[in-house]
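Novice: sharing a sequence plus its predicted fold:
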Amino acid sequence: FWQLFLSYSPVRFMGSIIKKYQILRLELSLGVLSLVSLILVGTIGYQWIEGWNGLNSLFMTIMILTTVGFGETPPLDDKGRVFAISLILLGLINISYIGNRFTQALFQGYFQEVIRLRQQQEIMESLNQHYIVCGFGRTGRQVTSEFAAEGVPFVVIDNDPEQVQSAKHMNYKTILGDATLDEALQRVGIERAICLVCTLPSDAENLYTVLSAKTLNPKVRAIARASNEEAIQKMRRGGADEVISPYITGGKRMAAAALRPQVMDFVDGILSSGNRSFYIEEFRLDADCPLVGFTLHEARLRSQTGALVLAIRRTDGNLLGGPSADTMLVEGDLLICMGTSEQLRELNQILFPLDRPYKAPRPPRGT
């Protein structure tokens, strides 16, 4: 515990905990340094006053500081006794100070907190190709519930201790931190993440988080929440790949539900229903895909799997909705497909055969 305590860097604590335990660690370090200094002073002092060798001087110093009272070997003269009294008084003060600080750290749970944070850090370092959700408010809770239903790896970061505890009660990987800070994003593995979802309550915080994330990992996909049109434009200029306004999106969804209720029921059932029978999934074609260079008619994806290719997004960003049978499959194409869980798995096998060393995108999760 002592080695763990002294070796642990308090930079990983947040807020007031950092200041509290930085001071405590400094005080303990000074106490230990003072004790070592007393041992050196005592050893050198007895060598100089009594003319003893190093071993006898060290033995007498340790015996005095530990108050063992083993005896004087060899006997002390008056100067040596005065020096011993000084060492005893200083040693008692020093050891009492260290014991007080150590007891305070023990009763306040510092060692347990160090171990817990190290375990948490190990979990964070093990994350790879994961999603980061910044903020665990109403929007963040909905996002994480969808992620949990899909079974994708994700971590939540929030600066509200109550929200963090609430996320932990749901067995989510969570840390307490300010997502706008580079240090906090690095703790959740922003360099290895594939997507960042900013659901913080403030547009400024979301924009600042996107800027920080894109600086640390330019390849990460950043999705941000915005409250108005102006914020949407600023976040896109700041590097956000997608910006969602709950108010604008909610208004459009409500209008669509009023005008086209059956369509909305169908779309909602595909996207968010817990017991849905149809799924929408995306598949990106690489150079090793056996169907690159084929047309949809030649690939026979529909007849082989039953899955329907709804759209194809080209590498230049052009979206082909309802592609025809003569549409050519090109390297880098992103296929947006709909089907049952089994149909999409069969499609995944055709596009990415198991006998080639290619790790397919996240497979669809079925019932």
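Specialist: Arrived safely.

Novice: make it CA atoms for all contacts and neighbour counts henceforth
Specialist: Fine.

Novice: where do the helices sit along the stretch 251-367 of the chain?
Specialist: Ranges of helices in the stretch 251-367 of the chain, per DSSP state H, counting those that start in this stretch, are 261-271, 296-299, 301-305, 341-351.

Novice: Val197 is nearest to which of these?
Specialist: For the helices of the stretch 251-367 of the chain, proximity to Val197 was assessed by CA to CA; helix 261-271 is nearest, at 17.6 Å.

Novice: okay, now the unreliable bits of the stretch 201-350 of the chain?
Specialist: By pLDDT under 70, the weakly predicted segments of the stretch 201-350 of the chain are 269-276.

Novice: residues touching Thr199, list them.
Specialist: By CA atoms under 8 Å, 6 or more residues apart in numbering, the residues touching Thr199 are 133-137, 139-140, 206, 224-225.

Novice: repeat that for 6 Å
Specialist: Thr199 sits next to 134-135, 140, 225 when contact means CA atoms under 6 Å, 6 or more residues apart in numbering.

Novice: which pLDDT does the model give it?
Specialist: pLDDT recorded at Thr199 is 93.

Novice: re earlier: mind putting the contacts of Thr199 in TSV, secondary structure and neighbour count included?
Specialist: TSV is the format used below for the contacts of Thr199 (DSSP: H, G, I helix; E, B strand; the rest coil; neighbours: other CA atoms under 10 Å):
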residue	secondary structure	neighbour count
Cys134	strand	26
Gly135	coil	25
Gly140	helix	21
Arg225	strand	25
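
Novice: circling back: point out the most buried one among the helices of the stretch 251-367 of the chain.
Specialist: Each of the helices of the stretch 251-367 of the chain was scored by mean neighbour count; the highest is helix 341-351, a mean of 20, by mean count of other CA atoms under 10 Å.

Novice: please name every helix or strand in contact with it.
Specialist: helix 301-305 (3 or more CA pairs under 6 Å, 6 or more residues apart in numbering; DSSP states H and E).

Novice: between the contacts of Thr199, which sits nearest Leu181?
Specialist: Using CA to CA, Cys134 comes nearest to Leu181 of the contacts of Thr199, at 11.5 Å.

Novice: ok, what's across the strand from that closest one?
Specialist: Beta-bridge partners of Cys134, counted by DSSP bridges, are Ile157, Cys198.

Novice: name the nearest of the contacts of Thr199 relative to Glu346.
Specialist: Glu346 lies nearest to Gly140 out of the contacts of Thr199, by CA to CA, at 32.8 Å.

Novice: now the closest one. Nearest residue, chain neighbours left out?
Specialist: Thr199 (5.6 Å; CA to CA, 6 or more residues apart in numbering).

Novice: mind checking how far the one you found is from Ile44?
Specialist: Using CA to CA, to the nearest Å, Thr199 is found at 63 Å from Ile44.

Novice: now do Met170
Specialist: In terms of CA to CA, Met170 sits 61 Å off from Ile44.

Novice: of the two, who's got more company?
Specialist: Neighbours per residue (other CA atoms under 10 Å) separate Met170 from Ile44, with Ile44 holding more: 18 against 11.

Novice: the more buried one - that's part of a helix, no?
Specialist: Yes - under DSSP: H, G, I helix; E, B strand; the rest coil, Ile44 falls within a helix.

Novice: so who does it touch?
Specialist: By CA under 6 Å, 6+ apart, Ile44 has no neighbours at all.

Novice: over to Met235?
Specialist: By CA under 6 Å, 6+ apart, the residues touching Met235 are Leu207.

Novice: which element is it on?
Specialist: helix 229-237 (DSSP states H and E).

Novice: show me the residue at the heart of the protein, geometrically.
Specialist: Ranked by distance to the mean C-alpha position of the chain (CA atoms, centre = their mean), the top residue is Val188 at 1.8 Å.

Novice: how close does that residue sit to Lys168?
Specialist: For Val188, the distance to Lys168 equals 15 Å [CA to CA].

Novice: output stretch 218-229 as PDB - backbone C-alpha positions only.
Specialist: Below are the C-alpha coordinates for stretch 218-229, written out as PDB (Å, rounded to 0.1, in the frame of the first residue of the first chain):
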ATOM      1  CA  PRO A 218      -8.900  13.500 -36.400                       C
ATOM      2  CA  LYS A 219     -10.400  10.100 -37.600                       C
ATOM      3  CA  VAL A 220     -13.000   9.900 -34.800                       C
ATOM      4  CA  ARG A 221     -16.600  10.400 -35.900                       C
ATOM      5  CA  ALA A 222     -18.100  13.200 -33.900                       C
ATOM      6  CA  ILE A 223     -21.800  13.600 -33.400                       C
ATOM      7  CA  ALA A 224     -23.000  16.600 -31.400                       C
ATOM      8  CA  ARG A 225     -26.200  18.000 -29.900                       C
ATOM      9  CA  ALA A 226     -27.200  21.500 -30.800                       C
ATOM     10  CA  SER A 227     -30.100  23.700 -29.700                       C
ATOM     11  CA  ASN A 228     -30.500  26.000 -32.800                       C
ATOM     12  CA  GLU A 229     -29.600  26.500 -36.400                       C
END
